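Undergrad: build me a structure from this.
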Amino acid sequence: MGHRNTTTDWAALGLAVAALAAFVVKLALAGQVADQQQQAAQRQSQIASANVLGQVNNQLIRMLVEAAARTDDRAIRGLLDQNGIRFNVRQGNPAPAPAEEARP
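TA: Below is the predicted model of the structure:
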């Protein structure tokens with residue numbers, strides 16, 4: 001007895017092929033999503049590192065400016081100037097001398 005090809009058999013074969021194709025597409029998209037998530041995590045890590053380095057950089061600049069202002073160090077001033085950092089030292093009012101206690 002031979003096997004009969006019916007419309008139902010062709011429909012079932014078509015659905016099986018469509019399901020297999022959908023599965024392959026799903027696998028490909030899942031791989032792309034995983035890659036994109038990994039890239040996003042790397043970028044977030046780089047941004048966090050850049051923020052920390054920026055804070056360290058700002059603190060270092062502040063320390064160099066304070067040292068150059070306090071000691072009038074020309075080398076530090078030159079280094080800061082070469083990197084576009086300029087500052088002026090403001091002479092504030094000197095602190096008043098402590099009052100002497102009145103003696104009886």
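
Undergrad: and residue 81, how many neighbours?
TA: 13 (other C-beta atoms under 10 Å). Just so you know, the C-beta spots here come from the backbone N, C-alpha and C atoms, and that holds for glycine as well.

Undergrad: name the element it belongs to?
TA: Under the criterion DSSP states H and E, the helix or strand holding residue 81 is helix 74-82.

Undergrad: how about residue 30?
TA: Assigned by DSSP H and E, residue 30 belongs to helix 7-71.

Undergrad: distance check, residue 65 against residue 57.
TA: Relative to residue 57, residue 65 is positioned 13 Å away (criterion: C-beta to C-beta, to the nearest Å).

Undergrad: between the two, which one's more packed in?
TA: Summary of the neighbour comparison: residue 65 and residue 57, criterion other C-beta under 10 Å, with residue 65 having more neighbours (17 against 11).

Undergrad: so what's the more buried one up against?
TA: Residues counted as contacts of residue 65 (C-beta atoms under 8 Å, 6 or more residues apart in numbering) are 80, 85, 87.
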